[in-house]
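[1] show me the folded form of this:
(one chain, ligands or ions: 1)
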Amino acid sequence: MGSDSDWPVMEAAAKALDEFEIAYEVDVVSAHRMPREMVTYGEQAADRGLKVIIAGAGGAAHLPGMLASVTPLPVIGVPVPLKYLDGMDSLLSIVQMPAGVPVATVSVAGARNAGLLAARILATHDEDLQHKMRDFQQDLNDQATEKGKRLRAKVEGSSGFGFGK
Ligand SMILES: Nc1c(C(=O)O)ncn1[C@@H]1O[C@H](COP(=O)(O)O)[C@@H](O)[C@H]1O
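    All right, here's what the predicted structure looks like:
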């Protein structure tokens, strides 16, 4: 991430990776404030064995795109909302990449989805992980079904009126 101040948002990506027991590292690598280190980090990432980079930054968020320009790895960008502009600035900075340099951009503050997307990318070459992802998706499905059931019971219970009555 561009700063340790991004951690409260980015922590959700780490938690998602924890849930899938995926090893990760966390670091501050700012394109603006430490450009040489950022280039070195990006250039060495694949050789160090990293498979996916999740890059979160706020404001003029150039970090994800700059990393994508120096690594062959997939880069997932997380727009971090700051005090002004509600993250629109970081969203647009990250999402509008020139052709040839892709960054998979998630929603503003969408760090959890960034972690889940990284898990899916890794799962393409890992059957166990793909299995876990299917279980996770089934859980989501069950939870949503349960919510619908509860809501129907509540509304139909209070109005005494519903289809099939
Ligand atoms: N967008 C970038 C980059 C970059 O893109 O290289 N480096 C830092 N930042 C962002 O500046 C914001 C404020 O940082 P501070 O809280 O350290 O002042 C953070 O959201 C960070 O990601």
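
[2] for the biggest helix by length in the chain, packing partners?
    Across the chain, the longest stretch assigned as helix under DSSP state H is helix 127-159. Counting contacts by 3 or more CB pairs under 8 Å, 6 or more residues apart in numbering; DSSP states H and E, helix 127-159 packs against helix 111-123. Every residue, glycine included, has its C-beta placed from N, CA and C.

[3] can you give me how far the helix it packs on is from the chain middle?
    6 Å (CA atoms, centre = their mean, to the nearest Å).

[4] what's the angle between that helix and helix 127-159?
    Here helix 111-123 runs at an angle of 140 degrees relative to helix 127-159 (axes from the mean of the first three to the mean of the last three CA atoms, to 10 degrees).

[5] from here on, count from 54
    New numbering, starting at 54: the last item is helix 164-176.

[6] only alpha carbons, please: show helix 164-176 as CSV.
    These are the backbone C-alpha positions of helix 164-176, laid out as CSV (Å, rounded to 0.1, in the frame of the first residue of the first chain):
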residue,chain,number,x,y,z
ALA,A,164,-10.1,-4.7,-0.1
ARG,A,165,-12.0,-7.8,0.8
ASN,A,166,-12.9,-8.5,-2.8
ALA,A,167,-9.3,-7.9,-3.7
GLY,A,168,-8.3,-10.7,-1.4
LEU,A,169,-11.0,-12.9,-2.7
LEU,A,170,-10.0,-12.2,-6.3
ALA,A,171,-6.4,-13.0,-5.5
ALA,A,172,-7.6,-16.3,-4.0
ARG,A,173,-9.5,-17.1,-7.2
ILE,A,174,-6.5,-16.3,-9.3
LEU,A,175,-4.4,-18.6,-7.2
ALA,A,176,-7.1,-21.3,-7.3
